[in-house]
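Novice: Any chance you can model this:
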Amino acid sequence: MRHWYDYPQLMSREYLEMAILKRRSAFQISRDVGCSRYSVYTAARHHGLSMEGIQSGKAQFLRRKVG
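Specialist: Model prediction:
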């Protein structure tokens with residue numbers, strides 16, 4: 001079993017920070033890195049970053065009803 005610190009991208013706070021600022025979800029990041037999404041959550045928590053509110057799919061402003 002591999003841990004989050006076995007992935008160089010997850011060890012880099014800058015990489016995670018940029019991915020979060022680009023509104024990438026934990027699933028998208030994990031797919032790029034090749035790890036589980038739980039490893040992404042753990043690495044973000046270790047670096048003091050929050051992944052709350054970041055979901056894949058459409059941005060929230062596109063989901064509002066027009067009317």
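
Novice: Find the centremost residue of this protein, please.
Specialist: residue 26 (3.3 Å; C-alpha atoms, centre = their mean).

Novice: list the contacts for residue 2?
Specialist: Residues in contact with residue 2 (C-beta atoms under 8 Å, 6 or more residues apart in numbering) are 35, 39. Where C-beta positions appear, they are placed from N, C-alpha and C, glycine not excepted.

Novice: And it, how far from residue 52?
Specialist: Distance, residue 2 to residue 52, by C-beta to C-beta, to the nearest Å: 25 Å.

Novice: same question, residue 18
Specialist: 18 Å.

Novice: before we move on, what about residue 10?
Specialist: 18 Å.

Novice: quick one, which of the two is more surrounded?
Specialist: residue 10 (23 against 6; other C-beta atoms under 10 Å).

Novice: Regarding the nearest residue to that one once chain neighbours are set aside, which helix or strand does it belong to?
Specialist: Among residues not flanking residue 10 along the chain, residue 43 sits closest, at 3.9 Å (C-beta to C-beta, 6 or more residues apart in numbering). Element membership for residue 43 (DSSP states H and E) is helix 37-46.

Novice: buried set for that helix?
Specialist: Buried positions in helix 37-46, judged by neighbour count with 16 or more other C-beta atoms under 10 Å: 37, 39-44.

Novice: mind checking pLDDT for residue 21?
Specialist: pLDDT for residue 21: 88.

Novice: just residue 66 next, same as before
Specialist: We have a pLDDT of 56 for residue 66.

Novice: Pull the contacting residues for the residue nearest to the centre of the chain.
Specialist: 37, 40-41, 44, 51, 54.

Novice: In JSON lines, list those residues along with pLDDT and distance to residue 22.
Specialist: Putting the contacts of residue 26 into JSON lines (pLDDT from 0 to 100; distance: C-beta to C-beta, whole Å) gives the following:
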{"residue": "37", "pLDDT": "91", "distance to residue 22": "16"}
{"residue": "40", "pLDDT": "93", "distance to residue 22": "14"}
{"residue": "41", "pLDDT": "92", "distance to residue 22": "17"}
{"residue": "44", "pLDDT": "92", "distance to residue 22": "14"}
{"residue": "51", "pLDDT": "81", "distance to residue 22": "13"}
{"residue": "54", "pLDDT": "64", "distance to residue 22": "10"}
